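In: Need a 3D model of the sequence below.
(2 chains)
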There are 2 protein chains.
Amino acid sequence: MDKAILLIMDGLGDLPTPKTALQKAKKPNLDKLAKEGITGLLSPVGRGVVPGSDTSHLRILGYEPKICYPGRGPLEALGIGFGLKEGDVAFRANFATLKNGVIIDRRAGRIETANASTLSKLVSMKIEDVDVIFRNSVEHRGALVLRGPGLSSCISETDPHSNAGVLECMPEDDSQEAAKTARIVNKFTEIVQKKLSEAPENKARESKGLPPANIIFLRGAGTFSSVPSFYERFGISGACVAGGALYRGVAKFIGMDIFLVPGATGDKNTNLKAKGEAAIKALETHDFIFLHVKATDSFSHDGDCAGKARFIERVDKELIPILMESGANLIVTGDHSTPCSRKEHSGHEVPILIYGSGERADHVKKFDEISCMDGGLGHITGKHLMPIFLNVLGKAKKFGS
Amino acid sequence: MDKAILLIMDGLGDLPTPKTALQKAKKPNLDKLAKEGITGLLSPVGRGVVPGSDTSHLRILGYEPKICYPGRGPLEALGIGFGLKEGDVAFRANFATLKNGVIIDRRAGRIETANASTLSKLVSMKIEDVDVIFRNSVEHRGALVLRGPGLSSCISETDPHSNAGVLECMPEDDSQEAAKTARIVNKFTEIVQKKLSEAPENKARESKGLPPANIIFLRGAGTFSSVPSFYERFGISGACVAGGALYRGVAKFIGMDIFLVPGATGDKNTNLKAKGEAAIKALETHDFIFLHVKATDSFSHDGDCAGKARFIERVDKELIPILMESGANLIVTGDHSTPCSRKEHSGHEVPILIYGSGERADHVKKFDEISCMDGGLGHITGKHLMPIFLNVLGKAKKFGS
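Out: Modelled structure (predicted):
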């Protein structure tokens, strides 16, 4: 079949303690794919380089982040449904709780999404000649977009990353654009703080003893600039099945279609079966399915190697069989390592397997960091992947004649 | 521990005769590091490329020699203690013996260092508006620096590389700067020949039947231009322990601190224990220690494979245990291969091992050119090393978010 599913298990790679989560997990299906397919080790961005999830996904999907990375803000904004225009400056945004000038809860008590939606209606506005548009996503999370002439993302963030006060936004170069954008952000901070403090929803929260969502802070500023679509670049149609906003945002940024899946939450209790079925559905209309699961990374950031191994077992049992039945070529890898021993991303290679009917198989019998050292793909980096995928699909354009 | 020692055994890689020196040597400690660590093969500059020691060390330490290689002269000058200024033109310089216009001893009978120091005082001078500064190092060796306006290193050398006469220095482009520099070099040659021939020290040598050090010839011209320091580039502090001037010069060029070690001679009888102890001392104040031993290369240039193997055994017994006790991450490799069968540098890959607590281990059990072909690092080049080191240290900056 000339179609493929790329399954990214976020933060999959690990370090031994003394085994890695992949080594610990019972995963007969993934091991079967490794045994019957070809394996190797992937450095998503470059050998030893520690990737963010955003840059890594761009690179894996064929886009050089050094050239086209728009910053985290625009990708998150796209992921939660914003339609961005050229020159928009976008941020990740959070509701939080401010008391006596100090942030006392960075998540406003993980405010319920419906409550946050009501408050959101108060915080879009026009400042000078710029539309300031806020949209909430899940719980305290959201994105903010500035749309208007003469903006810049060369500005500092207002997120204090600690229980300090909201930071003043400062221009980070000498341009008029940066000065204007910083001024608008600071005005926004001032206005939302006033509006949110007076909002009936927050009065109600306070009367119930809940922390009010009385401030929004911003980080990850980036300027949106469109790129040639996945289809234009590679001649195949792409679809995305992902719970997390960022991953949907990356897919939307490169012009993939998004398949929304009820129960695909992007967290540890995500509905893997529903995601698998959505991927199979997407295969009917698309050549290439980018399927993302997040919880491997979440367990790693918690330092929970046993939880990571159990989640891998769930993927193996609940998701992989659905994908295997599809008859599509399968690629399984991660976007980076997140060793449980470090609780953060690292630059260690990630195992990768490619399983396709009629493709070569190597001698590797298990899918893990150590076994895949001997894999027939060797050591590859993100830039190699799209050419390899297209070649497996028989859709690569010949260079020369 | 988030610190590392990089041990470079110069010219380490070899070709089989029928075994390589690494295969011949009994080296239980290096083999233990290979067994418990991860190994691979390194092409310091690029696959198949034959590196000089200077370019190779720059590349291994994170500097692209195609961009910043200043030539051998400035590196040697830095290594023997010159403080170079932007635009200085520096040379490697040698005392030699001239008789009837022909060099009869390229090393002036390996003149004693103290004797050379006395003669050195005669040969710094001003020519036109240029300061000409000579400094001797060990025996007949030294460096010459030209400091002044409008100089160029696009000139030929005066070293005949045979028992001919001293060569006239010629400009190698049409610039005024090259013409001026060549004129100054030729004037220098003329003046030093006269001054040295008349020097009492040389008269004394002749009366004892020793060859007079009556000429200085120059090679390896290069223009000094500073580069961002190792700390600026990588955010970690670096220190160097090395006997040879070139290696100290490379380290000084990139802003590492130099730890001088009595008995670290850079030759076959170097005090390995003292060097190991200096590295441990340096670890107290620095994150990354570049530790260099030279004799593996010297034995290779002599075609003495048994001597090379014996020296590796000395390193294994006298140096490696000290490094292992430090608890630092250890990286062991060479700057290039110098096969004993060729007696010169080659472009064959060099084995490399990385041993760090909590890092992945591969299946390789011995540290040699053949065993490391199966290593979990695969085939890497010099440009991969600093990202890999920083990742092992947990000090890499994330690309993206």
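In: Near the residue in the stretch 301-401 of chain A positioned nearest to chain B, how many other residues are there?
Out: Residue nearest to chain B within the stretch 301-401 of chain A: A:Gly347 (3.5 Å; C-beta to the nearest C-beta). From N, CA and C alone the C-beta is placed, and that goes for glycine too. Counted with other C-beta atoms under 10 Å in any protein chain shown, the neighbours of A:Gly347 add up to 25.
In: Over to the one 3 residues further on?
Out: A:Val350: 28 surrounding residues under other C-beta under 10 Å.
In: pLDDT score for it?
Out: Looking at A:Val350, its pLDDT reads 98.
In: Could you tell me which residues of the stretch 201-350 of chain A lie near chain B?
Out: For the stretch 201-350 of chain A, the residues in contact with chain B (C-beta under 8 Å from any C-beta of the partner chain) are A:220, A:339, A:341-342, A:345-348.
In: ok, A:Ser156 to A:Leu167 distance?
Out: Distance, A:Ser156 to A:Leu167, by C-beta to C-beta, to the nearest Å: 7 Å.
In: and if you look at A:Pro44?
Out: 31 Å.
In: And for the helix or strand harbouring A:Val145, what's in contact with it?
Out: Using DSSP states H and E, A:Val145 sits within strand A:141-147. Outside strand A:141-147, the residues within contact range by C-beta atoms under 8 Å, 6 or more residues apart in numbering or on different chains are A:73, A:76-77, A:80, A:82, A:84-85, A:87-95, A:116, A:120, A:130-137, A:181, A:184-185, A:188, A:216, A:218, A:245.
In: Of those residues, which belong to strands?
Out: Using DSSP state E to define strands, the subset of those located there is A:89-95, A:130-136, A:216, A:218.
In: Narrow the residues you listed to just the buried residues.
Out: A:89-95, A:130, A:132-136, A:216, A:218 (16 or more other C-beta atoms under 10 Å in any protein chain shown).
In: which one of those sits closest to chain B?
Out: A:Arg92 (8.9 Å).
In: Quick check: that closest one touching A:Phe217?
Out: No: applying C-beta atoms under 8 Å as the test, A:Arg92 and A:Phe217 come out as separate, 9.3 Å apart.
In: What residues does A:Asn329 make contact with?
Out: Applying C-beta under 8 Å, 6+ apart, we find A:Asn329 in contact with A:1, A:3-5, A:354-357, A:359, A:389, A:392-393.
In: can we see that at 7 Å?
Out: A:1, A:3-4, A:355-356, A:392-393 (C-beta atoms under 7 Å, 6 or more residues apart in numbering or on different chains).
In: One more: A:Ile111?
Out: For A:Ile111, the contacting residues are A:95, A:139-140, A:213, by C-beta under 7 Å, 6+ apart.
In: at 10 Å what do you get?
Out: Taking C-beta atoms under 10 Å, 6 or more residues apart in numbering or on different chains, we find A:Ile111 in contact with A:95-97, A:105, A:117, A:119, A:136, A:139-141, A:201-202, A:205, A:210-213.
In: Check A:Phe389 too.
Out: Contacts of A:Phe389 by C-beta under 10 Å, 6+ apart are A:4, A:6, A:60-62, A:234, A:236, A:287-288, A:329, A:331, A:354, A:356, A:395-396.
In: ok, now how distant is it from A:Ala282?
Out: For A:Phe389, the distance to A:Ala282 (C-beta to C-beta) stands at 16 Å.
In: swap in A:Arg92?
Out: Distance of A:Arg92 to A:Ala282, given as C-beta to C-beta: 27 Å.
In: Could you do A:Asp316 as well?
Out: A:Asp316 is 21 Å from A:Ala282, where distance means C-beta to C-beta.
In: Who's the closest spatial neighbour of the closest residue to chain B within the stretch 101-250 of chain A, skipping the chain neighbours?
Out: In the stretch 101-250 of chain A, the residue that lies nearest chain B is A:Gly220 (6.2 Å; C-beta to the nearest C-beta). Once flanking residues are discounted, A:Gly220 sits nearest to A:Arg72: 3.5 Å by C-beta to C-beta, 6 or more residues apart in numbering or on different chains.
In: Which single residue in chain A comes nearest to chain B?
Out: Closest point on chain A to chain B, by C-beta to the nearest C-beta, is A:Gly52, at 2.6 Å.
In: Could you give the number of residues near the residue nearest to that residue when sequence neighbours are not counted?
Out: Distances taken as C-beta to C-beta, 6+ apart put B:Gly400 closest to A:Gly52, at 2.6 Å, once the chain neighbours are dropped. Neighbour count for B:Gly400, taken as other C-beta under 10 Å: 22.
In: how does chain A divide up, domain by domain?
Out: A:4-69+A:227-393, A:76-223 (automatic domain parsing).
In: For the longest one, what is the distance to the chain centroid?
Out: By that I understand domain A:4-69+A:227-393. Remark: domain A:4-69+A:227-393 is offset 12 Å from the chain centroid, using C-alpha atoms, centre = their mean, to the nearest Å.
In: which ones are touching the residue nearest to A:Ala264 when sequence neighbours are not counted?
Out: Spatial nearest neighbour of A:Ala264, chain neighbours left out: A:Gly243 (4.1 Å); criterion: C-beta to C-beta, 6+ apart. By C-beta under 10 Å, 6+ apart, the contact list for A:Gly243 reads A:138, A:260-261, A:263-267, A:270-271, A:275, A:292-295.
In: Now a PyMOL select for only the buried ones of those.
Out: Of the contacts of A:Gly243, the buried ones go into a single PyMOL selection, burial set by 16+ other C-beta under 10 Å:
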select buried, chain A and resi 138+261+264+265+266+270+271+275+292+293+294+295
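In: Which members of the contacts of A:Gly243 are the farthest-apart pair?
Out: Taking C-beta to C-beta, the two most distant members of the contacts of A:Gly243 are A:Leu260 and A:Ala295; they sit 18.5 Å apart.
In: thinking again about what came up before, the contacts of A:Gly243 in strands, which ones?
Out: Here DSSP E is the test, and those give A:292-293 as lying in strands.
In: out of the contacts of A:Gly243, which are inside helices?
Out: Per DSSP state H, helices hold the following members of the contacts of A:Gly243: A:275, A:295.
In: Nearest to A:Leu12 among the contacts of A:Gly243?
Out: A:Val293 (9.3 Å).
In: What residue, apart from its backbone neighbours, is nearest that closest one spatially?
Out: A:Met9 (5.4 Å).
In: That neighbour: how many residues sit nearby?
Out: By other C-beta under 10 Å, the residues close to A:Met9 number 26.
In: Then A:Arg47?
Out: As a measure of burial, A:Arg47 has 20 neighbours, counting by other C-beta under 10 Å.
In: Now the closest residue to it other than its chain neighbours: which helix or strand?
Out: Computed as C-beta to C-beta, 6+ apart, the closest residue to A:Arg47 that is not its neighbour in sequence is B:His384, at 4.0 Å. Using DSSP H and E, B:His384 sits within helix B:382-393.
In: how about the CA coordinates for that helix, as CSV?
Out: Output of helix B:382-393 as CSV, limited to C-alpha atoms (Å, rounded to 0.1, in the frame of the first residue of the first chain):
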residue,chain,number,x,y,z
GLY,B,382,34.2,16.2,14.7
LYS,B,383,31.3,18.6,14.4
HIS,B,384,29.0,16.2,16.3
LEU,B,385,31.3,16.1,19.3
MET,B,386,30.5,19.3,21.2
PRO,B,387,26.8,18.8,20.9
ILE,B,388,27.2,15.2,22.1
PHE,B,389,29.4,16.3,25.0
LEU,B,390,27.1,19.1,26.1
ASN,B,391,24.2,16.6,26.0
VAL,B,392,26.0,14.1,28.2
LEU,B,393,26.8,16.9,30.6
